[in-house]
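>>> coords please:
(one chain, ligands or ions: 1)
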Amino acid sequence: MVYCSACGAQISPQAVACPQCGHPNAVNSAARGATGEIKSRVVAALLAIFLGHFGAHKFYLGQSGTGILYACFFWSGIPGIFGLIEGLIYLSQTDAVFSAKQRVRTF
Ligand SMILES: [Zn+2]
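Next up is the predicted model:
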């Protein structure tokens, strides 16, 4: 069980919104991108490590702006280094932490 960030009521992690106050369930909605699909932490990590040069993991996570930036600078090798580091960070995170971070950093 998780707690509603608005009213503190105990709610199911699978709940879309808090049944007490209607506040969106952060644990659940954080796991979903703009398209509503759940992003896989492992897929994102593998994309980051192997295709990070082109920002593949950023496109996968719905962060197209950052993805285009990575693709534009792939020749410098720097996005590849970022991708590798991000991939390792993704792998070291729990699914909940990963999802929460993606939600905050989506732009
Ligand atoms: Zn609530």
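>>> residues contacting the longest helix along the chain, please?
Longest helix in the chain by number of residues, with DSSP state H as the criterion: helix 78-92. Counting by Cβ atoms under 8 Å, 6 or more residues apart in numbering, helix 78-92 makes contact with 41-42, 44-49, 51-57, 69-71, 73-74, 98, all of which sit outside it. Where you see a C-beta, it was placed from the backbone N, CA and C, and this is true even at glycine.
>>> repeat that for 7 Å
Counting by Cβ atoms under 7 Å, 6 or more residues apart in numbering, the neighbours of helix 78-92 from elsewhere in the structure are 41, 44-45, 48-49, 52-53, 55, 57, 70, 73, 98.
>>> run a quick neighbour tally on Ile89.
Counted with other Cβ atoms under 10 Å, residues neighbouring Ile89 total 14.
>>> for PyMOL, what selects the buried ones among the contacts of helix 78-92?
Command for PyMOL, covering only those of these found buried under the criterion 16 or more other Cβ atoms under 10 Å:
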select buried, resi 41+44+45+48+49+52+53+55+57+70+98
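>>> just give me the closest of the contacts of helix 78-92 to Ser12.
Of all these, Ser12 sits closest to Phe98, with 20.0 Å by Cβ to Cβ.
>>> show me what contacts the residue nearest to that closest one when sequence neighbours are not counted?
Across the structure, with Cβ to Cβ, 6 or more residues apart in numbering as the measure, the residue nearest Phe98 apart from its sequence neighbours is Arg41 (4.4 Å). With contacts taken as Cβ under 7 Å, 6+ apart, Arg41 has the following neighbours: 90, 93, 95, 98.
>>> next: Ser76.
With contacts defined as Cβ under 7 Å, 6+ apart, Ser76 is in contact with no residue.
>>> what's the spacing between the residue of the chain most remote from its centre and Ser12?
No residue in the chain sits farther from the centre than Gln20, which is 27.0 Å out by Cα atoms, centre = their mean. Applying Cβ to Cβ, to the nearest Å, one obtains 12 Å for the distance of Gln20 from Ser12.
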